[in-house]
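K.L.:
what follows is a predicted protein model with its sequence.
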Amino acid sequence: MLANFTSILSDVNHDAPIKLRIFWSMVIGLVTVALLMAGGLAALQSAVVITALPFSLVIFAIMVGMYKALKLEGSKADARRQVTGTAPGGDWRERLDRALDTSSRAGAAATIEHAIRPALIQFAQELESRGQATNVTEEHLEGESLPSLTLQVDLGEAASFVYQVCPHRMRTPSFLPADDDYYVRLDVYLAEGGLEKDLNGFTRGQVIADVLSEYERHLHFLALAGQGGYVQAMPGAVGELPDAATQS
């Protein structure tokens, strides 16, 4: 744990280097032996209590951060309830097709090419014509051939609007008829997290309608946030793309 605390990790799924972990293990062992030799078990227990006291401040800071995050999430939920938006239209058979769809990689690629990418670009261009700064980017995640696309609208000091579509390879549910064991979802993410929404089978107009609905909710959320619509960004928000991302 100390090795992770004293190093900058490039990947949260990996621990600190082995050399650093060995170093801290030796330091902890030497300190423990020294305390036992100096004052016995009582000295070791006192040292543990003393070193644990500063972490109470860390725990308090975590509690404050959790309270702010829950309050922010509650405001976002209120905005989503008050601005219902418009559900994707179309024939009821088309909606049923989307519900039962287990798209292949080719089908997901076609949706990105003919619906999602042009919809995000068109929506961004319309906002720019109305004086708002927008940015549409796409990147390829490691091990994924399909791109992730992100629309970001800069709202000054207020929290930016982020609409991100990421492809995910999922195992096909056993209750759905399919030829392949896996299918590809095109999941939607906002700045505060995922919506559990799959855009496979959407047309360009339906994608634009969905983006507009989320944008309306975001603006209403900022209005509820208070003066100037200023609100602190959620921790770990999406939209901050790596330098390798290319701009469309």
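P.N.:
Done, it's in.
K.L.:
and the longest strand belonging to the chain, what's buried?
P.N.:
Across the chain, the strand with the greatest residue count (assigned by DSSP state E) is strand 161-171. Neighbour counts over strand 161-171 (16 or more other Cβ atoms under 10 Å) mark 161-168 as buried. Heads up, the C-betas are built off the backbone N, CA and C, glycines and all.
K.L.:
cool, stretch 187-197 as well?
P.N.:
Judged by neighbour count using 16+ other Cβ under 10 Å, the buried positions of stretch 187-197 are 187-192.
K.L.:
by pLDDT, give me the weakest of the residues you listed.
P.N.:
For the buried residues of stretch 187-197, the model is least confident at residue 192; its pLDDT is 80.
K.L.:
I'd like the distance from the helix or strand where residue 25 lies to the chain centre, please.
P.N.:
Assessed by DSSP states H and E, residue 25 sits inside helix 18-82. Computed by Cα atoms, centre = their mean, to the nearest Å, the chain-centroid distance of helix 18-82 equals 26 Å.
K.L.:
can you name every helix or strand that it contacts?
P.N.:
On a contact count with 3 or more Cβ pairs under 8 Å, 6 or more residues apart in numbering; DSSP states H and E, helix 18-82 meets helix 2-5, helix 204-225.
K.L.:
one more time with 10 Å
P.N.:
Contacts defined by 3 or more Cβ pairs under 10 Å, 6 or more residues apart in numbering; DSSP states H and E place helix 18-82 against helix 2-5, strand 193-198, helix 204-225.
K.L.:
ok, back up a step: reformat the buried residues of strand 161-171 as TSV; add pLDDT.
P.N.:
TSV is the format used below for the buried residues of strand 161-171 (pLDDT from 0 to 100):
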residue	pLDDT
161	93
162	95
163	96
164	96
165	95
166	94
167	92
168	89
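K.L.:
can you put the residues you listed in TSV and add distance to residue 33?
P.N.:
Listed next are those as TSV, based on distance: Cβ to Cβ, whole Å:
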residue	distance to residue 33
161	57
162	52
163	57
164	52
165	56
166	50
167	53
168	50
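K.L.:
now, which of the residues you listed sits nearest residue 199?
P.N.:
If you rank these by distance to residue 199 using Cβ to Cβ, residue 165 comes first, at 6.1 Å.
K.L.:
fine, thanks again, bye for now.
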